[in-house]
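1. Got a sequence here, can you build the structure:
(chains A and B)
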Number of protein chains: 2
Amino acid sequence: MIDKLIEKIKKLGNPSAVGIDTSFDYLPENMKNNCKTLDDVGKAITEFNFNIIDKVADIVPSVKVQIAYYEMYGLPGLKAFSDTLAYAKKKGLAVISDVKRNDIGSTASCYSAAYLGSVNVNGNEFTPFESDFITVNGYLGSDGINPFLKDCKKNGKGIFVLVKTSNPSSGQLQDKKFASGETLYESMGDYVEEWGKDSVGKFGYSCVGAVVGATHPSQAETLRNRLKHTFFLIPGYGAQGGTADDLSVCFDENGIGGVVNSSRGIICAYKTEKYKGMDYAQAARAASEDMQADIYRALKKAGKVK
Amino acid sequence: MIDKLIEKIKKLGNPSAVGIDTSFDYLPENMKNNCKTLDDVGKAITEFNFNIIDKVADIVPSVKVQIAYYEMYGLPGLKAFSDTLAYAKKKGLAVISDVKRNDIGSTASCYSAAYLGSVNVNGNEFTPFESDFITVNGYLGSDGINPFLKDCKKNGKGIFVLVKTSNPSSGQLQDKKFASGETLYESMGDYVEEWGKDSVGKFGYSCVGAVVGATHPSQAETLRNRLKHTFFLIPGYGAQGGTADDLSVCFDENGIGGVVNSSRGIICAYKTEKYKGMDYAQAARAASEDMQADIYRALKKAGKVK
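-> Numbering: from 1, shown residues only, chains lettered A, B, ... in the order given. Take a look at the predicted model:
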């Protein structure tokens, strides 16, 4: 799958993901006003998401869907999540489910079945929340990761392991230095490189990627130099404060190596002065185009694209 | 909530949680055979769970419900999860949702709303997957924890942060020593103690607990001595290999300080030689009673109960 994602990124010249993290608050007033129940909310969010996907599917390679925004609305929210994944897939987008799941081996197998694999019920096979990639948390070590690796290999999927996250307090633990000399985020990164070593594809990147925040450019640069076969999922651009120049360090000398996510910056663009007068889907497209141009400019400045 | 849980534990003399992690494979053949769809699976699991809850509700203080086993069956699985939480709550059990959620602050707020808080839709308030406690992963540091703390205080809830997990590879990262002298699990434990310092209840424990595996008694003992106000959720007893004597170190000199979970050991007891001839709910009750007696014996041996 990592090869397919990189091919799509190269073809569109756009290493980005639209983050479809649709809080009820993000909807236009006229869509919000009619909602009374969680069912109403789920339907409204689904309509919003489908319209955004329709408008960006030909210019972006991928979407990242943050499940927390759907769990919040209970079963109707999770139906919207599921329908959004399926619709994005149907439109040809690579689907990254941002779920940050983690558990002991037997339990991680269940999560893997839910997102990357399948479950069998008396001979009938189901793929509940089928995704191309998911994010996972590696705090439990290898045996919490292995079930995901198994499904990655079997079904051509990928994972992104949290290495250096984009939030302000990520350094409290992640930046602490071990007695052996490396920081926790470097150590986690080394495991990621190790976990991916059997699945390196034709562009030099494996099915085991890393989440590396755009908001911490110095750590991101360290990781890019350290993890040669690890593709980065890069959150933190835009609303969280990361700039295109900050995140250009995540890319290799060929201008690949990462996919940059923006959520609020795209799906809430219609609320800003810059995109005034556009509807939410038009504004999302315009903001995606602007983001692409901004990243391209930064990569050019860094000498990583021509 | 931690006070209520401890009161319940003291009243029943039983510091345990029944882990309702119901894989389809765990169901009796006659319940499995009729299932063709995920809807069928969800209904069968719900029936199984309700019967177990009915049979143990008067002897155990709490249930731990592992969401991965439900996500695996998609929306019908999550309906079973939701119905199981509500039923256990109705029967007076403290409900621990084992979800190990984690994310940046804004996103952690969504998770918190789903499990410990509520969402507001035009003046109507909803509590999607209402739980008394959830498990969380602290890899992202304080700003990924604060939203949960806010709801803990507001709504009388609690969290258990992963500190030293029960799986074999937990030491890969968690046991590594920082240059400052403490291990990662000790450092995480110190944060847990810090996060809980404003919510210490009448038994000396705060609303911020720690997940500490029964399978690593030496680390558990270190943590018990280090974290005086941190209540432990203790997985790993039974099927994972942890014994009552191993986990007695998690309890303080008054015989409190933790709640021990067993999942397969209880809900799959009917499949074992020891409980042969009993139906699954009778066997679950008998296995719960045996677990209680086993923990009591170990705590007595350790001089922690009379």
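
2. and the gap between the nearest residue to A:Cys110 once chain neighbours are set aside and A:Pro128?
-> Once flanking residues are discounted, A:Cys110 sits nearest to B:Ala68: 3.9 Å by Cβ to Cβ, 6 or more residues apart in numbering or on different chains. Where C-beta positions appear, they are placed from N, C-alpha and C, glycine not excepted. According to Cβ to Cβ, to the nearest Å, B:Ala68 and A:Pro128 sit 12 Å apart.

3. out of those two, which sits in the busier spot?
-> For the pair B:Ala68 and A:Pro128, the greater number of neighbours falls to B:Ala68 (26 against 22), based on other Cβ atoms under 10 Å in any protein chain shown.

4. Tell me if I'm right that that one and A:Gly105 touch.
-> No - counting by Cβ atoms under 8 Å, A:Gly105 is not a contact partner of B:Ala68; they are 11.3 Å apart.

5. on that earlier part again, and the residue nearest to A:Cys110, how far is that from B:Asn120?
-> 29 Å.

6. what about stretch A:251-271, how long is it end to end?
-> End-to-end distance for stretch A:251-271: 31 Å, by Cα to Cα, to the nearest Å.

7. can you confirm A:Val95 is in a helix?
-> No - read with DSSP: H, G, I helix; E, B strand; the rest coil, A:Val95 is strand and lies in no helix.

8. What score does the residue nearest the centre of chain A have for pLDDT?
-> Centroid check for chain A by Cα atoms, centre = their mean gives A:Lys64 as the closest residue, at 4.2 Å. With respect to pLDDT, A:Lys64 scores 98.

9. Please apply the same query to the one 10 residues further on.
-> Per-residue confidence for A:Gly74 comes out at a pLDDT of 98.

10. and it, backbone torsions?
-> phi 60, psi -150 (degrees, to the nearest 10).

11. And A:Asp143, how close does it get to chain B?
-> Noted for A:Asp143: a distance of 4 Å to chain B, by Cβ to the nearest Cβ, to the nearest Å.

12. need the contact list for that residue.
-> A:Ile104, A:Gly105, A:Ala108, B:Asn167, B:Pro168, B:Ser169 (Cβ atoms under 8 Å, 6 or more residues apart in numbering or on different chains).

13. which parts of the longest helix seen in chain A are buried?
-> Longest among the helix segments of chain A by residue count, using DSSP state H, is helix A:280-301. Within helix A:280-301, the residues that count as buried by 16 or more other Cβ atoms under 10 Å in any protein chain shown are A:280-281, A:283-288, A:291-292, A:294-296, A:298-299.

14. do the same with stretch A:25-34
-> Those would be A:Tyr26, A:Leu27, A:Met31, A:Lys32, for stretch A:25-34 by 16+ other Cβ under 10 Å.

15. quick one: it near chain B?
-> Yes - counting by Cβ under 8 Å from any Cβ of the partner chain, chain B is contacted by stretch A:25-34 at A:Lys32, A:Asn33.

16. one step back: common neighbours of B:Ala68 and A:Pro128, please.
-> What both B:Ala68 and A:Pro128 touch, as defined by Cβ under 8 Å, 6+ apart, is the set A:Ala114.

17. Show me where the stretch 151-300 of chain A has its helices.
-> Secondary structure of the stretch 151-300 of chain A (DSSP state H, counting those that start in this stretch): helices located at A:171-174, A:184-195, A:217-226, A:244-247, A:264-267, A:280-301.

18. do you know which of those helices lies nearest chain B?
-> Closest of the helices of the stretch 151-300 of chain A to chain B is helix A:171-174, at 3.6 Å (criterion: Cβ to the nearest Cβ).

19. picking up where we left off before, so which two of the buried residues of helix A:280-301 are the farthest from each other?
-> Across the buried residues of helix A:280-301, no pair lies farther apart than A:Tyr280 and A:Leu299, at 28.3 Å, counting by Cβ to Cβ.

20. A:Asp83 against A:Thr46, yeah?
-> Yes - A:Asp83 is in contact with A:Thr46 according to Cβ under 8 Å; the separation is 5.3 Å.

21. These two: which is more packed in?
-> More neighbours surround A:Thr46 than the other of A:Asp83 and A:Thr46, with 20 against 16 (other Cβ under 10 Å).

22. In contact with the more buried one, which residues?
-> A:Lys79, A:Ala80, A:Asp83, A:Thr84.

23. Closest one of the residues you listed to chain B?
-> Of the contacts of A:Thr46, the one sitting nearest to chain B (Cβ to the nearest Cβ) turns out to be A:Lys79, at 5.9 Å.

24. got the contact list for the longest helix of chain A?
-> With Cβ under 8 Å, 6+ apart, helix A:280-301 has contacts from A:13-16, A:18, A:28, A:48, A:51-52, A:54-56, A:59-60, A:237-238, A:243-245, A:247-248, A:251, A:255, A:260, A:262, A:265-267, A:269-270, A:272, A:274-275, A:278, A:305-306.

25. What of stretch A:175-184?
-> A:173-174, A:185, A:187, A:190, A:219, B:173, B:176-180, B:184, B:187.

26. Can I get those in TSV including neighbour count and distance to A:Gly92?
-> What follows is those, written out as TSV (neighbours: other Cβ atoms under 10 Å in any protein chain shown; distance: Cβ to Cβ, whole Å):
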residue	neighbour count	distance to A:Gly92
A:Leu173	21	39
A:Gln174	24	35
A:Tyr185	27	34
A:Ser187	21	37
A:Asp190	15	35
A:Gln219	22	33
B:Leu173	21	37
B:Lys176	16	43
B:Lys177	14	48
B:Phe178	18	46
B:Ala179	12	48
B:Ser180	10	49
B:Leu184	24	41
B:Ser187	21	44
